[in-house]
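> next input, structure requested:
(chains A and B)
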2 protein chains.
Amino acid sequence: MNTPLTPLQLADRGFKYYGKRLALIDGERRYTYDEWSQRIFRLARALQDAGVKAGDRVAVLMPNTGPMLDMFYAVPWIGAVLVPLNTRLVADDYGYILDHSESRLIVIDGDLWPLLEPLKDRLPPLWVSGKSVEGQVDLEPLLSSHSGDPLPLPDIREDDTMTLNYTSGTTARPKGVELTHRNLLINAVDFTYHLQVSLGDVYLHTLPMFHVNGWGGVWAVSGVGGVHVTLPKVEGARIWEAIRQNDVTRMCGAPAVLNMMIHTASSSGVSHPVLVATAGAPPPAAIIERMESLGFKILHVYGLTEVSPFITVSEWVPEERNWPVDQRAIRSSRQGISQLLAGEVRVVRADGTDVRENGEEMGEIVCRGNVVMKGYYKDPQATEKSMRGGWFHTGDLAVVHPDHYIEIRDRDKDVIISGGENISSVEVESVLYRHPAIADAAVISVPHEKWGETVKAIVVPKAGMNPTQEDIIRFCREYLAHFKCPTSVEVVSALPRTASGKVQKYLLREPFWKDQGKRVH
Amino acid sequence: MNTPLTPLQLADRGFKYYGKRLALIDGERRYTYDEWSQRIFRLARALQDAGVKAGDRVAVLMPNTGPMLDMFYAVPWIGAVLVPLNTRLVADDYGYILDHSESRLIVIDGDLWPLLEPLKDRLPPLWVSGKSVEGQVDLEPLLSSHSGDPLPLPDIREDDTMTLNYTSGTTARPKGVELTHRNLLINAVDFTYHLQVSLGDVYLHTLPMFHVNGWGGVWAVSGVGGVHVTLPKVEGARIWEAIRQNDVTRMCGAPAVLNMMIHTASSSGVSHPVLVATAGAPPPAAIIERMESLGFKILHVYGLTEVSPFITVSEWVPEERNWPVDQRAIRSSRQGISQLLAGEVRVVRADGTDVRENGEEMGEIVCRGNVVMKGYYKDPQATEKSMRGGWFHTGDLAVVHPDHYIEIRDRDKDVIISGGENISSVEVESVLYRHPAIADAAVISVPHEKWGETVKAIVVPKAGMNPTQEDIIRFCREYLAHFKCPTSVEVVSALPRTASGKVQKYLLREPFWKDQGKRVH
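Numbering: from 1, shown residues only, chains lettered A, B, ... in the order given. Next up, the predicted model:
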């Protein structure tokens, strides 16, 4: 007897069995599962009353607050599709995504209104949580005017889209990744299993929920009666305070976040072990060592928006108990093997055959299975291209070690990952080309101590022009989210190109990466 | 991108990633995952060569040996359906099941040939593992003549039947429960999660694999690279020896098995914690206390063949660390709440509404979700009846406590569970009716210290006849597996009946159960 696989079944279990237990710590407020589910059902009814129907898209632009978490339940609970927006974009990006997704409604945190204000004449109906915005609808009164009685699970099919997550890929415009209820349930189970989340665990939301639904943590924690702790601002001191005040046991974060924690740590660390999943870049040995000495256990996972997002895990092996930290760090820094339910992961040559497992031959990571997205929204061509041959192509280039562990060595040259955020080099280049003094431009990633990688622009000036680094960076900031802008600019007389005119980025990158042993962080 | 949910995906992961690690300890023999998977693929090819096709049924009659475990992989790997036979039945039962399932082949352990010998003229082709049987085909030479190269996963749909598990229900004949690949994967994931099985764990197969596929343990352990340890004979001393020799960390067993362990324990117990899942009857406080003092942690789970088999778990709650063992035992003895992925479990009145959660009002346990069987094989009427209203009806009667924990208090009067084995009272009664001196008969369960429950016959003699207890039990043993036979017989002058002629079993049971606080063990 099949019932639809959906993360909402985890919520349903949590709401049913853990009603009197603590569910959510949101700043000064604490909610039991009963109290929290009532908020969610009030919100779901308010959305219905506003005319949101099954299949409609509802966008959300908020930091990691309680109301943000509520949206991951209330929207799909009426069969609608959640569109979580990155809080670090610019108005032009938001306008594009709201149009492309045809969002019927958007719910924002009042503090983020300045991000959308430039679009105010073309926005869908907007609800505001927290600080009021003149002329816009406040969320809280809407909630109190609706019933919090339980709603039955929605009448969905497991292959219906549950979230539409926009990602910066290789093109100038973000792509909408359609993740289904089934995709997201399977990923949430992998999250639950590999992060060993169970009743009694306290999960700190350091990872932005807009990043592929907090990697699945928004739902996994509820299925087993764990406690969600929100964290609207990711700063070292705030993380430490949240961990200590709430006896946090589980969290996720890019290595940059771990680094931030290390730099603000007191000598004592934590008194009980805290398991931290990290992704976005391999955690360096020094970070693993320091985090362990502070009482944390690091689990390196790897994935992409298109795979819900987890596909691999660098799992702990029994024998490593006796290994020195350097040796453990080598294993931990690799992306590892496929997670329990993620499906098949391979590293293949251009002809689709597997590379040798010798730690040397590079190929592209491809995968297939139940975490692979339904497709790119309204973009059948891009979908087909990424799924060619029945395998999803990640664009990440890796070797496979003799122990079957995958290690990423390079990436599709058009994507840069800085501090866990994907940046499309094509998008940055398209802005550089608009600069009046630039004739030719290429954007590459270079290593960065804090962010793993950062954006570097290599530009050729127009004849007789002499643009400065400061001028170019300032120009980019007018059109791009700050995290996407170059942090350094080099002016050259010409870019190296192939006979067919393609920029040879590997030549540009070489001087910056030659001592790193690989070409990505 | 959907790929079929199947326990074979767990095997595929295990074979791929843990090839050099120990997979199976089978008596004196040790197999790595590479070596073990080769055996499985040899067997799969041998089955194909023998003409077994996708959808065909293949029966197996073996104790918990390595070759038995192999069958749970090799048969579905070619898309065929495994029919695991209980080793405690009689020839008549085996004949019925082989006919009903239309098994195309049967693989047995040579030591069990006497069970089938009476049927030798009507058996399907038969292969023998272990001790040879004259005139029958030996398994091992078949394996060595086939290649052990990996076979791709079979081209199945997740709703295809993977195993056909015959169960003694309320009728005289066993019913074939069709469990799908999807059913069994979801159950295996619940097994993995709730029993906390991970790389480095060593699982002892104390639970017969023919019992609903070892509750899912046959597959769950392989997905995470754990070690299977077989145990052909379940005896206290052998269990202890296996645990100590192999550093076992996980096992399953009915309370009767735990009891057996307690009675053969040395004072030292185990040096590392061993997690034991128990089901079939609630573990009494004394058993929990003693097992804990020996170093075991007890997890009470509940289920039925028709639900793959797990539906509920009596989970550990954080606060119980400080509870006295008596209080923990009360919670542990209850069947608990639904497992992570099992689906919805309710306790309902005859009209389908939920009972109050007051620990008093009784109703029937019903459930729906992805672990519920496809149906009873060739029995649409029984299937429809058990699934009425869209919920599977367990026949178990329970209360719900204010903490949402289900506790079974009674059962469909026609099923007796003794030592973890289901016994149909109708089947036993049908044999009693054949006794020349018996006019009327009813079979009930009575409490039994070792087996939880045992079978009692209440009989009315024919006029002028005077059958004795010994005579009646001897008669039953001619037609029934010994574990199904009455252990005591009471001769009465008439059975209490309702106006419509139905035997009032609750009246018969009352004197034996009145001090127990419930009506089942």
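> tell me which helix or strand in chain A has the weakest average pLDDT.
Sorting the helices and strands of chain A by mean pLDDT, DSSP states H and E puts strand A:421-424 at the bottom, at a mean of 82.
> against which helices or strands is it packed?
Here strand A:421-424 touches strand A:415-418, going by 3 or more CB pairs under 8 Å, 6 or more residues apart in numbering or on different chains; DSSP states H and E. Any C-beta I mention is one placed from the backbone N, CA and C, and that applies to glycine too.
> can you list the buried residues in the strand it packs on?
Residues of strand A:415-418 classed as buried: A:415, A:416, A:417, A:418 (neighbour count, 16 or more other CB atoms under 10 Å in any protein chain shown).
> enumerate the residues of the stretch 151-300 of chain A near chain B.
Contacts of the stretch 151-300 of chain A with chain B, taken as CB under 8 Å from any CB of the partner chain, map to A:159, A:182, A:189, A:192, A:193, A:196, A:199, A:200, A:223, A:224.
> for the fourth one, which residues are in contact?
Contacts here follow CB atoms under 8 Å, 6 or more residues apart in numbering or on different chains; on that basis residue A:192 touches A:220, A:223, A:224, B:193, B:340.
> and these, which two are furthest apart?
A:220 and B:193 (11.2 Å; CB to CB).
> higher neighbour count, those two?
residue A:220 (28 against 23; other CB atoms under 10 Å in any protein chain shown).
> the more buried one: what secondary structure?
Assigned with DSSP: H, G, I helix; E, B strand; the rest coil, residue A:220 falls in the helix class.
> which residues touch it?
A:7, A:10, A:188, A:189, A:191, A:192, A:195, A:197, A:226.
> using CSV, write down the CA coordinates of the least confident helix or strand of chain A.
Coordinates of each C-alpha in strand A:421-424 appear next as CSV, following Å, rounded to 0.1, in the frame of the first residue of the first chain:
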residue,chain,number,x,y,z
GLU,A,421,27.8,30.3,-2.4
ASN,A,422,27.8,29.4,-6.0
ILE,A,423,28.8,32.2,-8.4
SER,A,424,28.5,32.0,-12.1
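> got the contact list for that strand?
Outside strand A:421-424, the residues that reach it (CB under 8 Å, 6+ apart) are A:86, A:88, A:167-172, A:414-417, A:455, A:483-484.
> nearest to chain B, of these?
Each of the contacts of strand A:421-424 was scored against chain B by CB to the nearest CB, and residue A:167 proved nearest at 16.9 Å.
> burial count for the nearest residue to the closest one once chain neighbours are set aside?
Leaving out its chain neighbours, the residue that sits closest to residue A:167 by CB to CB, 6 or more residues apart in numbering or on different chains is residue A:305, at 4.2 Å. Applying other CB under 10 Å, we find 22 other residues in the vicinity of residue A:305.
> where along the stretch 301-450 of chain A do the strands fall?
Secondary structure of the stretch 301-450 of chain A by DSSP state E, counting those that start in this stretch: the strands cover A:310-314, A:337-338, A:344-348, A:363-368, A:375-376, A:392-400, A:406-411, A:415-418, A:421-424, A:438-448.
> my bad, should have said the stretch 1-150 of chain A
Using DSSP E, counting those that start in this stretch, strands in the stretch 1-150 of chain A cover A:22-26, A:29-32, A:57-61, A:81-84, A:105-109, A:126-129, A:137-138.
> right, and the ones you listed - which one's nearest chain B?
Closest among the strands of the stretch 1-150 of chain A, using CB to the nearest CB: strand A:22-26, at 10.8 Å.
> who does that closest one touch, helix- and strand-wise?
Right, strand A:22-26 is packed against strand A:29-32, helix A:33-49, helix A:66-77, strand A:227-229 by 3+ CB pairs under 8 Å, 6+ apart.
> kindly calculate the angle that the longest one makes with helix A:66-77.
Calculated by axes from the mean of the first three to the mean of the last three CA atoms, to 10 degrees, helix A:33-49 forms an angle of 60 degrees with helix A:66-77.
> and the contacts of helix A:33-49?
Residues contacting helix A:33-49 (CB under 8 Å, 6+ apart): A:11, A:14-15, A:18-21, A:23-24, A:31, A:58, A:66, A:70-71, A:73-75, A:77-78, A:80, A:105, A:139, A:142-151, A:222, A:225.
> can you select the buried ones from these in ChimeraX?
Those of these that count as buried under 16+ other CB under 10 Å are selected in ChimeraX with:
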select /A:11,14,15,18,19,21,23,24,31,58,66,70,71,73,74,75,77,78,80,105,139,142,143,146,148,151,222,225
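> quote the end-to-end distance of stretch A:133-144.
19 Å (CA to CA, to the nearest Å).
> sounds good, over and out.
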